[in-house]
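K.L.:
After the sequence you'll find the predicted model.
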Amino acid sequence: MHEGPRVSQALLHVPKDLGPRLAQRVLPPEERTRLAAYALKDAGLGVDAFGTRKDALAAAYALGYLLHEHYFRVQSRGHASIPTHGAAVIAGNHSGVLPFDAMMVATDVFRNTWPPRLVRYMVDYFVYRIPFLGVFFRGVGQVPGTRANFDGLVREGHIVGVFPEGAAALGKPAERRYELYPFSPGHVELAARHRVPVIPFGLVGAEEQQHMVANLAPLAKILRLPYVPITTTFPWLGPLGLLPKPVRYFIEYGEPIHVDPAVLSSVRIREREVERVRTAVRDLLRRGLAWRKEFERGRS
Amino acid sequence: MSDPPPTLRPTPLSVLVTGVHRRLGPELILRLLERDDVDRVLAADQGPCPVTLHGLDPARFAYVPADLRKRRAVDNLFLAEFVRDHPLDTVVHLAFQGNPLGYDIEGHEFNIHATRHLLDASLRHGVGKFIFLSSDAVYKLGPRTDFRVREDAELNLDPDAHPILRDTLDAEFLCRAKMDSETCEVMVLRPSGVFGGGVISGINLLFESDPPLLPVGFDPMINPTNKERLVCDLLLAVFLHGKGVFNVAGPRVGPISEFLRERNIPFKRVPGPMLRPLNKLQRMLGKTRYHAGFNPGRLFYSLVLDDSRFTERFRRAAPLVFPDPDAPCRATLADVAMMPEPAEADASRK
């Protein structure tokens, strides 16, 4: 074995069998079957055209499963809205300082569809400038949010995850919890262009996982990041302060929205369709909050 | 509007190949001379004829040393005795000073003037096809780069880009300005990194380094081609009608480290900011010819070319150009779903 690959594996990737080994140890047999059933379209060297790797997926799913099942103890419903095949856009609210909400939605969809479906998020570019992080995101099938990438994913029949509020919504201050930031129109335009449905979802819980006090905007600008958070625990407890509280997540998927193709020719219709998706997400959030209340009452 | 089906250009062809001191040039000439539908090949470059081209049939091949920076020297190629009865109808322009080592103002003049004079002369002398081999380095690289880069992707127009990159774009623009010509089909091919012994391409020079250096925490996706495949692509471009800008790439996509691993090439990872100084040190010690400063983002961000347009327009028509199913190019392009064999197509038409 050459030193180069050894060093690179140590520095860049987890060892190739770590993902499968982790999956073997963490996942129950039915979840391992699910993972094995995920079909990766090999582009030549064990990765698909987007750079997704089966070993990275195994590691990520093992971690996602642990968090989904034991840490965030996710409750979810409305999975019938998620298509079992073909492309779709899945769009919802974003919050929580670190994007555990995205990870939990992806895990939830993977766990509740057969054959399992991987949500591919349109990720902010800054991630791909950061060593290791960009490679990791690419390895688990997440791509930079460009139009061509969206087109490619839809053409290959994937579910594309979008947070129309943008990455800035992750740094939502505590006083704006469960308020939706304005939605960008890209998702409805792209959905209309490809004639694919938008599946709205509302996620309750992530907003309480961190208490955002302030955003160090000047530092964020220097570091070319969307925000630098000051929370009740960060930076006081160091990187550990970024860990979320183990709040229970409630995810509800709404009925698919078929976007009016006229959004491509009229700003007014585009605004109307964006508002339609936003209203659907807002309604799902309200229902989710009521569901949580009901759930907690039932437990007490 | 969809493209018309690919058709063969009238043969036999009389071809001028410039830049035969590159590895690709001699390979292309040998493949051209193997064919009956190529009448003669004229090769031109600075300096003496490369050894690999010695001993070829003088009735079909001639080498002319020429300073392509000079308009008169370029004109003389088209007026050479060798092609007087068989006027040149195809020009394959491979002459480009693409190696940052030793690049200077003369290199710049060579890159730009050679392209301009060859293109002008081609149009004046009734050449039917002009092919310029560009590079994938023309694309802007960064975290926003698409997972597959199409020909209409953003170009690297940064004024601080390496002068060779600017030359490549300038030469491309000269060609693009003439793409409306009704008599001459002007084509620009942008190959992804090219593998092959001694090939001067960034990726090949990196792989030939001792050891290749990669930045820690980055592992860009690539789809490199190789010398043999690129020659087949050039042959398709020579023999089939078509013009425009086309990406040409290899069939497999993967992280750069996987390509290294596949070839059992040991490599080292160094912190990103140290990459260029260490690469410079390597060059001073003669351990590499790769120039990390040439296209700084190359080892950080993915660049996978989308060559589906070339595949649709040219590679699928390979049976027209290589009717023999055992032709080497048919095996080289085995990943492509080709159109029916000419005989089958004829039968289905009947």
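P.N.:
The structure has been received and is ready for your questions.
K.L.:
how about the residues of the stretch 101-250 of chain A that lie near chain B?
P.N.:
A:125-135, A:138, A:143-144, A:146, A:148-149, A:152 (C-beta under 8 Å from any C-beta of the partner chain). Backbone N, C-alpha and C define where each C-beta goes, glycine included.
K.L.:
6 Å instead?
P.N.:
Within reach of chain B by C-beta under 6 Å from any C-beta of the partner chain, the stretch 101-250 of chain A has these residues: A:125, A:128-129, A:131-132, A:135, A:143-144, A:146, A:148-149, A:152.
K.L.:
Take the residues you listed and keep only those in helices.
P.N.:
Counting by DSSP state H, the part of those found in helices is A:135, A:148-149, A:152.
K.L.:
mind checking the SS state of the residue of the stretch 101-250 of chain B found nearest chain A?
P.N.:
Nearest residue of the stretch 101-250 of chain B to chain A: B:G217, at 2.4 Å (C-beta to the nearest C-beta). Three-state call for B:G217 (DSSP: H, G, I helix; E, B strand; the rest coil): coil.
K.L.:
what's it in contact with, if anything?
P.N.:
Residues counted as contacts of B:G217 (C-beta atoms under 6 Å, 6 or more residues apart in numbering or on different chains) are A:131-132.
K.L.:
circling back to that earlier point, generate a PyMOL selection restricted to the buried subset of the residues of the stretch 101-250 of chain A next to chain B.
P.N.:
Buried members of these, defined by 16 or more other C-beta atoms under 10 Å in any protein chain shown, are picked up in PyMOL with:
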select buried, chain A and resi 125+128+135+143+144+146+148+149+152
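K.L.:
As CSV, the residues of the stretch 101-250 of chain A next to chain B with pLDDT would be great.
P.N.:
Formatted as CSV, those follow (pLDDT from 0 to 100):
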residue, pLDDT
A:Y125, 88
A:Y128, 93
A:R129, 92
A:P131, 93
A:F132, 92
A:V135, 93
A:V143, 94
A:P144, 93
A:T146, 92
A:A148, 92
A:N149, 94
A:G152, 93
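K.L.:
Closest one of the residues of the stretch 101-250 of chain A next to chain B to B:V20?
P.N.:
B:V20 lies nearest to A:A148 out of those, by C-beta to C-beta, at 37.2 Å.
K.L.:
Measure how buried the residue lying closest to that closest one once chain neighbours are set aside is and give me the count.
P.N.:
Nearest residue to A:A148 in three dimensions, chain neighbours excluded: B:D146, at 3.7 Å (C-beta to C-beta, 6 or more residues apart in numbering or on different chains). If you count neighbours by other C-beta atoms under 10 Å in any protein chain shown, B:D146 ends up with 22.
K.L.:
So B:D146 is in contact with A:T146, correct?
P.N.:
Yes - if you go by C-beta atoms under 6 Å, B:D146 and A:T146 touch, sitting 5.2 Å apart.
K.L.:
packing partners for the longest strand along chain A?
P.N.:
Assignment by DSSP state E gives strand A:198-204 as the longest strand of chain A. Where contact means 3 or more C-beta pairs under 6 Å, 6 or more residues apart in numbering or on different chains; DSSP states H and E, strand A:198-204 is packed against strand A:88-92, strand A:250-253, helix A:267-299.
K.L.:
Now whatever helix or strand B:R166 lives in: buried residues?
P.N.:
Using DSSP states H and E, B:R166 sits in helix B:163-177. Neighbour-count burial for helix B:163-177, counted by 16+ other C-beta under 10 Å, picks out B:163-169, B:171-172, B:174-175.
K.L.:
quick check: angle from the helix or strand following it to helix B:163-177?
P.N.:
Going down the chain from helix B:163-177, the next helix or strand is strand B:185-191, by DSSP H and E. If you take axes from the mean of the first three to the mean of the last three C-alpha atoms, to 10 degrees, strand B:185-191 sits at 150 degrees to helix B:163-177.
K.L.:
which other residues reach stretch A:152-161?
P.N.:
The contact list for stretch A:152-161, computed with C-beta under 6 Å, 6+ apart, reads A:86-90, A:117, A:119-121, A:194, A:196, B:147.
K.L.:
redo that, cut-off 8 Å
P.N.:
Stretch A:152-161 is touched from outside by A:41, A:49-50, A:82-83, A:85-91, A:102, A:105-106, A:109, A:117-122, A:143, A:150, A:190, A:194, A:196, A:199, B:146-148, with contacts defined as C-beta atoms under 8 Å, 6 or more residues apart in numbering or on different chains.
K.L.:
returning to what we had before: for the record, mean pLDDT for the longest strand of chain A?
P.N.:
In this model, strand A:198-204 has an average pLDDT of 96.
K.L.:
Off-centre distance for it?
P.N.:
Here strand A:198-204 is found 11 Å from its chain centre; the criterion is C-alpha atoms, centre = their mean, to the nearest Å.
K.L.:
again, but for stretch B:178-192
P.N.:
Using C-alpha atoms, centre = their mean, the mean C-alpha position of stretch B:178-192 is found 13 Å from that of the whole chain.
K.L.:
Report the buried residues of it.
P.N.:
Buried-residue list, stretch B:178-192, by 16+ other C-beta under 10 Å: B:178, B:184-192.
K.L.:
just stretch B:224-233 next, same as before
P.N.:
Neighbour-count burial for stretch B:224-233, counted by 16+ other C-beta under 10 Å, picks out B:224-233.
K.L.:
and what of stretch A:192-205?
P.N.:
A:192-194, A:196-205.
K.L.:
Fine, thanks again, bye for now.
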